[in-house]
Each structure stands twice: as structure tokens, then as C-alpha cells.
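> Curious how this folds, go ahead:
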Amino acid sequence: MELDARLNVAWRTLWLTLGLVPIVAGLDKFFNLLTNWEMYLNPLVPRMLHLSPAGFMHIVGVIEMVAGVLIFTRWTRFAAYLVMVWLCAIALNLITQGTFLDVAVRDLVIATGAFTLAKLTEVREAGVVRESSGAVAVLQQPRDRLA
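Modelled structure (predicted):
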């Protein structure tokens, strides 16, 4: 028995999106083509860490790119939880400033998508699905994953 194709489409969509977007956003922390990322940063953070805002954003960019790349590896579930926590931290940063609350809400919604990817990955990796009749079917492990 194969995993329901609808679940595969949902998993693949989240997998691709939550892998590519952090990589693109992370790269842009070095170039600021999409936006000036420093405007979203609480000014207290770089002062507490004794870093320039640009230096802090470069570190953020590297972390985001690593998280995005990890989504495409066998550590998808771990990486999805990492992306979820990361997005919640970004939202918290914005909420503490009292600015960009719309972006904070958007990031919390994307964090929910990352949580969903982690849970769908658990189902795929377990290879077990309970059918509505209560019967248990063992599924083949997905072979279409990178590394």
C-alpha cells in the first residue's frame, strides 16, 4: 500500500517551500535585495551581543540557510522543528518591539506549516498508517529524498 497521494502532495509542497524559502531569505541577509532585514531587528539584541546589526543578520542568514538545507536531507523532521522554533523566535522579536505585528503573525502561520511538515515526516518515516477500518498498513519507506 502506498501513502495517500494527497498526503504526498502536501508533504512535498511543505518540504520544498520550507527548504527553499529559508535558503533564499538567508542568502538575502547578505545582500538586502528583498528588504532591509535590519529594520526588523530589535535594537537591544545586537547591543546585548556586542555585534553590529549587519553582523548579527549575517549570522542569522547562515543559520537560516543551514536550516533550509537540512530540510532537504534525511533530517527533515528535525529541521522542520528547527524552522518552527526559529520562526517563533523571530515573531517574538517583532512582538517585543511592538512593530511589524503583521509579519509576526505571518511567521507564526509559517511556523505552523513547519510543525505540520515535521508531523507528516514522522508519518512517512514510520511507514505505518491506520486505515479508517482500524487496520494497520505498513508502507514503503520513501526513496525520493536527497542524501
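
> Buried residues, the strand or helix carrying Met48. List them.
Using DSSP states H and E, Met48 sits in helix 44-49. For helix 44-49, the neighbour count (16 or more other C-beta atoms under 10 Å) marks Pro46 as buried. Any C-beta I mention is one placed from the backbone N, CA and C, and that applies to glycine too.

> What of stretch 10-18?
Residues of stretch 10-18 classed as buried: Trp11, Leu14, Trp15, Leu18 (neighbour count, 16+ other C-beta under 10 Å).

> How about residues contacting that stretch?
68, 71-72, 76, 80, 83, 110, 113-114, 116-117, 120-121, 124 (C-beta atoms under 8 Å, 6 or more residues apart in numbering).

> dump the residue contacts of the residue nearest the centre of the chain.
With distances taken as C-alpha atoms, centre = their mean, the residue of the chain nearest its centroid is Val83 (3.2 Å). Val83 makes contact with Leu18, Pro22, Ala67, Gly68, Ile71, Ala111, Ala114 under the criterion C-beta under 8 Å, 6+ apart.

> how near is the fourth one to Gly127?
Gly68 sits 26 Å away from Gly127, taking C-beta to C-beta, to the nearest Å as the criterion.

> the more surrounded of these two?
Set side by side, Gly68 and Gly127 show more neighbours around Gly68, with 21 against 13, by other C-beta atoms under 10 Å.

> Tell me where this protein has helices.
For the chain, the helices defined by DSSP state H occupy 5-31, 44-49, 53-71, 76-97, 101-126.

> And those: which comes nearest Glu38?
Ranking these by proximity to Glu38 (C-beta to C-beta) places helix 53-71 first, at 4.4 Å.
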